[in-house]
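K.L.:
Let me see the structure of the following:
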Amino acid sequence: MSDAAPIEHPSRLTVGDFTAADEPLRLFAQWLEEATRSEPNDPNAMSVATVDANGLPDVRMVLLKGFDQHGAVFYTNMDSQKGRELAAHPKAALLFHWKSLRRQIRLRGPVERVSDAEADAYFATRSRLSQLGAWASKQSSPLESRLAFEKAVALYTAKHAIGSVPRPPHWSGFRVIPMSIEFWEDRPFRLHERVEFRRDAAGAAWSKTRLYP
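P.N.:
Predicted structure coming up:
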């Protein structure tokens with residue numbers, strides 16, 4: 001991060017405005033809303049970290065598709081690498097970085113699958129080509145050629161030529177239930193603001209700790 005003075009946003013809600021009794025999910029929602037107005041591309045982009053069978057970390061970028069008091073939701077092919085890793089080790093870490101606001105949020109916690117009704121409802125909002133791609137892609141598996149993938153898309157396009165495209169049984173969503181949330185905000189000369197909220201269980205009270213940058 002730069003040593004330069006941060007861009008001032010007088011109306012912004014900062015971590016310093018919150019006390020231990022405040023709900024950090026409300027601050028998260030506020031920052032996400034501000035990022036939506038300022039970030040030129042994908043303000044809902046986040047990295048998702050998991051671990052494989054050997055304990056080696058994996059990380060990739062996905063899009064946040066839902067956030068409320070229950071947690072953060074994203075969707076994927078359950079047979080993908082992250083799907084398999086989360087099925088075996090249902091815990092994850094998320095990172096949001098909004099460069100235009102010079103802010104980060106780290107979130108960690110256990111993971112659960114969303115309900116079929118939630119997955120169906122979200123899948124129905126996707127474009128038809130994205131829906132067909134979910135059927136055609138064997139996500140994370142070796143691909144012999146681009147042509148093979150295009151043929152698979154054409155096959156499912158023909159199969160579902162009439163009517164709506166149903167959600168594939170192997171495609172659904174994960175919800176990360178936050179047990180810790182850390183807010184990071186840029187300050188001049190690397191004297192950054194870092195505040196962490198923690199709780200022992202979902203629905204429990206949050207504690208607040210200010211951290212050295």
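
K.L.:
Quickly list what residue 61 is bridged to.
P.N.:
residue 47 (DSSP bridges).

K.L.:
Hmm, residue 44 and it touching each other?
P.N.:
No: using CB atoms under 8 Å, residue 61 is not in contact with residue 44, being 10.7 Å away. Backbone N, C-alpha and C define where each C-beta goes, glycine included.

K.L.:
Which one's more surrounded, those two?
P.N.:
residue 44 (17 against 10; other CB atoms under 10 Å).

K.L.:
gap between the helix or strand residue 133 falls within and the chain center?
P.N.:
If you go by DSSP states H and E, residue 133 is part of helix 128-136. Distance of helix 128-136 from the chain centroid (CA atoms, centre = their mean, to the nearest Å) equals 21 Å.

K.L.:
Please apply the same query to stretch 54-66.
P.N.:
For stretch 54-66, the distance to the chain centre is 8 Å (CA atoms, centre = their mean).

K.L.:
Buried residues in that stretch, which are they?
P.N.:
Buried residues in stretch 54-66, counted by 16 or more other CB atoms under 10 Å: 62, 64-66.

K.L.:
and if you look at stretch 119-130?
P.N.:
Buried-residue list, stretch 119-130, by 16+ other CB under 10 Å: 119, 122-123, 126.

K.L.:
how about the residue nearest the centre of the chain, what does it touch?
P.N.:
The structure's the chain has its C-alpha centroid closest to residue 64; by CA atoms, centre = their mean the separation is 4.0 Å. Listed by CB atoms under 8 Å, 6 or more residues apart in numbering, the contact set of residue 64 reads 32, 44-46, 72-74, 96.

K.L.:
in its sheet, what does the longest strand along the chain sit against?
P.N.:
In the chain, with assignment by DSSP state E, the single longest strand is strand 103-113. When pairing is defined by DSSP bridges, strand 103-113 lines up against strand 91-98 (antiparallel), strand 171-176 (antiparallel), strand 180-185 (antiparallel).
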